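Enquirer: Here is the input, now give the coordinates:
(chains A, B, C and D)
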Protein chains: 2
Amino acid sequence: MKRVTIADIARAAGVSKGAVSYALNGRPGVSEETRRRILAVAEQFGWHPSSAARALSDGRTGVLGMIVDRPARTLGIESFFMQLISGIEATLSARDVSLLLQVTEDREREMATYRRWWAQRRVDGVIVVDLRRDDPRVALLEELNMPCVVIGGPHGLGTLPGVWSDEVAVTTAVVEYLAALGHRRVARVAGLADLWHTSVRGQAVADAADRVGLTDVTTVYTDYTGEEGARATRALLSRRPSPTAIVYDNDTMAVAGLGVAHEMGIAVPQQLSIVAWDDSPLCQLLHPQLSAVSRDIAAYGGHAAEQLLKILDGAETRSFQDTTPQLIPRGSTAPPAAA
Amino acid sequence: MKRVTIADIARAAGVSKGAVSYALNGRPGVSEETRRRILAVAEQFGWHPSSAARALSDGRTGVLGMIVDRPARTLGIESFFMQLISGIEATLSARDVSLLLQVTEDREREMATYRRWWAQRRVDGVIVVDLRRDDPRVALLEELNMPCVVIGGPHGLGTLPGVWSDEVAVTTAVVEYLAALGHRRVARVAGLADLWHTSVRGQAVADAADRVGLTDVTTVYTDYTGEEGARATRALLSRRPSPTAIVYDNDTMAVAGLGVAHEMGIAVPQQLSIVAWDDSPLCQLLHPQLSAVSRDIAAYGGHAAEQLLKILDGAETRSFQDTTPQLIPRGSTAPPAAA
DNA sequence: CGGCGATGGTTACCCGCTTCATATGAGCTC
DNA sequence: GAGCTCATATGAAGCGGGTAACCATCGCCG
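Expert: Numbering: from 1, shown residues only, chains lettered A, B, ... in the order given. All right, here's what the predicted structure looks like:
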């Protein structure tokens, strides 16, 4: 079954291929009446221009790429990416741009994919996630001169544009809040040590702790899984003296931590306060409900997509600061039991 | 900065464009020595053939599409899709095929996108999820004659190939297990009523209940969110007599249900047994750990991708039955308290 | 009435790759 | 050495659009 092409439309409308192209793309060169006739015929045939032919001719594919480099095991448990993706999609689909997604467990492969995608002109640009310290992808993308937006920053971006939020501000707010409640021994169950935002939060915690006079701040690094969150929590709660508050870098680990507290007979929030990073519906389903740092992840993705589209439209590459995440206190935080 | 094309490679290697093409694609027509020389030059230039030009010429894009039509709100909470996607990717990336993803909240838009993708030749085929009863997408894809694989079945597929597992068998096993424990009043908090697998499970529950002599089986339909799972649980546990066991169609709702039981002072598993559908690490982080129906979702996605690739390679369209999900009993199921 | 600028439309070439038809020449056979 | 076959390589035609350059009308003005 032969497929419909621009030539078929031209023939059916009694005009040349060129006229069809002009009509379709809203360019001058055809009268309003002819344009309408052509569009009607196209509609009737259900014709859309071949993306390959169009891409070949004008060099644009209408596709953005995104590579997620996390083990499958940790991907499923985090709602972050799915929310991010739906935010990106909401922006893109309004402009008929599509998202090419790659999931890999290998950083070399991710780099190779950027190279290949660009060499093949498979995408117009990419959205980069999980910015790391000394991230080799930054240099690669600069070298390739490939349009992109990094979700993360403002540090470690090189000359690349980023979309980021003020992690320092909210981290400080969390520490100050816990200090104000009376906590003096606070721990943090962090995520992957070499992600930029992990170290930004770490630095902010240290600075804020200094300022409010917390001297006993412990950090444990994990891979974001519930297992490691549980293990870290057990270790922390087995110390003497043990922390009276723990901040988790994602909700899964916070849930696991709550479970461990139950298991060890430690009452939350009476004996232990818990704060989850990245709020999710899950945080409100538990007892007690988890105090959490909340941000609109979908909007975040949407902004990144918008920035990238602007860049592709010729705008100067600029970074974008998103709204600052907010701490939402719920039932899992309270003043510590009298020492 | 002009980009490298096949002509540059041909010139540099001192051969014709045709020879480069043959060498690259492993076709006869060039000697081994020439082939090696050409490939070396290509490697050195970092050249990859333009996907657009290739697609235009041979009609294949090397891209598969997938559309997820769920509200963003419910997408994030379910690990299902992310796991599915990583499984699909694992299969695809081994063959340098990419996945085009669209997230929409609108069924009309999903249908329109299939039409557009196919008319534009943007994808070689699609993976279809969330099969519904009387699903209009089936007729559309049949009409378009667009290569596809449906995740779901074996019913309601029309002539389309599907990848599915024996939901009836595992559902029956769950009911029989609960009956064997001594439960007589069992409830099910189901997902979206018009999804095929929801009704398949419903029918299987009814049949099995009949067979083992459970007469009191209630089903409540939800949108998979924790909120609705909690609400449904509250309603069920407020009845007199109330069910002694509840089966949930996803893990999020099971977690919510556990929370409600806590809230109402109902002991799990002593007074209420809970079974979650689709196991996840989360199920093991709670106390008690949730008994769950487990399946390898990533493998499921991988199989779907494989089937579709086979079809694209000219294989006859055939359905594929995946391994049957297994019930994994944990701490949330026990014999009911003596009535 | 000739010349001029709009307006509306056509033609032909280009984008980068695959592939078919064709050419060249080496190695054989009779 | 003429005639074949086989292996290797080239040239050119298309794939389906975009667009620059060109052409035909027509109305208008001097």
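
Enquirer: Surely A:T218 is within a helix?
Expert: No - judged by DSSP: H, G, I helix; E, B strand; the rest coil, A:T218 forms no part of a helix; its state is strand.

Enquirer: Give the other helices and strands that the strand or helix carrying A:T74 contacts.
Expert: For A:T74, the element it lies in under DSSP states H and E is helix A:72-75. Contact analysis of helix A:72-75 by 3 or more CB pairs under 8 Å, 6 or more residues apart in numbering or on different chains; DSSP states H and E lists helix B:80-93 as its packing neighbours. No exception for glycine: its C-beta is placed from N, CA and C like everyone else's.

Enquirer: Centre of the chain to the helix it packs on, how far?
Expert: 9 Å (CA atoms, centre = their mean, to the nearest Å).

Enquirer: With only the CA atoms kept, save that helix in PDB.
Expert: Provided in PDB are the C-alpha atoms of helix B:80-93 (Å, rounded to 0.1, in the frame of the first residue of the first chain):
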ATOM      1  CA  PHE B  80       5.200   0.200  36.600                       C
ATOM      2  CA  PHE B  81       5.900   2.400  33.600                       C
ATOM      3  CA  MET B  82       9.500   3.300  34.500                       C
ATOM      4  CA  GLN B  83      10.300  -0.400  34.900                       C
ATOM      5  CA  LEU B  84       8.600  -1.200  31.700                       C
ATOM      6  CA  ILE B  85      10.500   1.500  29.900                       C
ATOM      7  CA  SER B  86      13.800   0.300  31.200                       C
ATOM      8  CA  GLY B  87      13.000  -3.200  30.100                       C
ATOM      9  CA  ILE B  88      12.100  -2.000  26.600                       C
ATOM     10  CA  GLU B  89      15.200   0.100  26.400                       C
ATOM     11  CA  ALA B  90      17.500  -2.700  27.400                       C
ATOM     12  CA  THR B  91      16.300  -4.700  24.400                       C
ATOM     13  CA  LEU B  92      16.200  -1.700  22.000                       C
ATOM     14  CA  SER B  93      19.500  -0.100  22.700                       C
END
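
Enquirer: For whichever helix or strand comes after that helix, list the C-alpha coordinates in PDB.
Expert: Going down the chain from helix B:80-93, the next helix or strand is strand B:98-104, by DSSP H and E. These are the backbone C-alpha positions of strand B:98-104, laid out as PDB (Å, rounded to 0.1, in the frame of the first residue of the first chain):
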ATOM      1  CA  SER B  98      15.400   4.300  20.000                       C
ATOM      2  CA  LEU B  99      12.200   4.900  21.900                       C
ATOM      3  CA  LEU B 100      10.000   7.800  21.200                       C
ATOM      4  CA  LEU B 101       7.800   8.500  24.200                       C
ATOM      5  CA  GLN B 102       4.600  10.500  24.500                       C
ATOM      6  CA  VAL B 103       2.800  11.200  27.700                       C
ATOM      7  CA  THR B 104      -0.700  12.500  27.300                       C
END
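
Enquirer: Tell me how far strand B:98-104 lies from the chain's centre.
Expert: Strand B:98-104 has its C-alpha centroid displaced from the chain centroid by 13 Å (CA atoms, centre = their mean).

Enquirer: report the angle between the axes of the very next helix or strand once past it and strand A:98-104?
Expert: Counting by DSSP H and E, the next helix or strand C-terminal to strand B:98-104 is helix B:107-119. Angle between the axes of helix B:107-119 and strand A:98-104 is 90 degrees (criterion: axes from the mean of the first three to the mean of the last three CA atoms, to 10 degrees).

Enquirer: what is the rounded mean pLDDT of helix B:107-119?
Expert: What helix B:107-119 shows for mean pLDDT is 95.

Enquirer: and it, anywhere near chain A?
Expert: Yes - under the criterion of CB under 8 Å from any CB of the partner chain, helix B:107-119 makes contact with chain A via B:109, B:115-116, B:119.

Enquirer: for these, which one is nearest B:M82?
Expert: Within these, proximity to B:M82 (CB to CB) peaks at B:R109, which comes in at 21.8 Å.

Enquirer: out of the residues of helix B:107-119 next to chain A, who's nearest B:T317?
Expert: Of these, the one sitting nearest to B:T317 (CB to CB) turns out to be B:R115, at 20.3 Å.

Enquirer: That closest one against B:L140, yeah?
Expert: Yes - if you go by CB atoms under 8 Å, B:R115 and B:L140 touch, sitting 7.4 Å apart.

Enquirer: Show me where chain A has its strands.
Expert: All strands of chain A, identified by DSSP state E, fall at A:63-69, A:98-104, A:125-128, A:148-151, A:162-164, A:185-190, A:216-221, A:245-248, A:273-277, A:291-294, A:320-321, A:326-328.

Enquirer: Switch those over to JSON lines; also include distance to DNA strand D, mean pLDDT and mean neighbour count.
Expert: Formatted as JSON lines, the strands of chain A follow (distance: least, CB to the nearest atom of the strand, whole Å; pLDDT from 0 to 100; neighbours: other CB atoms under 10 Å in any protein chain shown):
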{"stretch": "strand A:63-69", "distance to DNA strand D": "16", "mean pLDDT": "96", "mean neighbour count": "23"}
{"stretch": "strand A:98-104", "distance to DNA strand D": "17", "mean pLDDT": "95", "mean neighbour count": "22"}
{"stretch": "strand A:125-128", "distance to DNA strand D": "19", "mean pLDDT": "98", "mean neighbour count": "24"}
{"stretch": "strand A:148-151", "distance to DNA strand D": "24", "mean pLDDT": "97", "mean neighbour count": "27"}
{"stretch": "strand A:162-164", "distance to DNA strand D": "30", "mean pLDDT": "96", "mean neighbour count": "24"}
{"stretch": "strand A:185-190", "distance to DNA strand D": "50", "mean pLDDT": "97", "mean neighbour count": "25"}
{"stretch": "strand A:216-221", "distance to DNA strand D": "51", "mean pLDDT": "94", "mean neighbour count": "17"}
{"stretch": "strand A:245-248", "distance to DNA strand D": "50", "mean pLDDT": "98", "mean neighbour count": "30"}
{"stretch": "strand A:273-277", "distance to DNA strand D": "46", "mean pLDDT": "97", "mean neighbour count": "27"}
{"stretch": "strand A:291-294", "distance to DNA strand D": "43", "mean pLDDT": "97", "mean neighbour count": "24"}
{"stretch": "strand A:320-321", "distance to DNA strand D": "29", "mean pLDDT": "93", "mean neighbour count": "15"}
{"stretch": "strand A:326-328", "distance to DNA strand D": "45", "mean pLDDT": "97", "mean neighbour count": "16"}
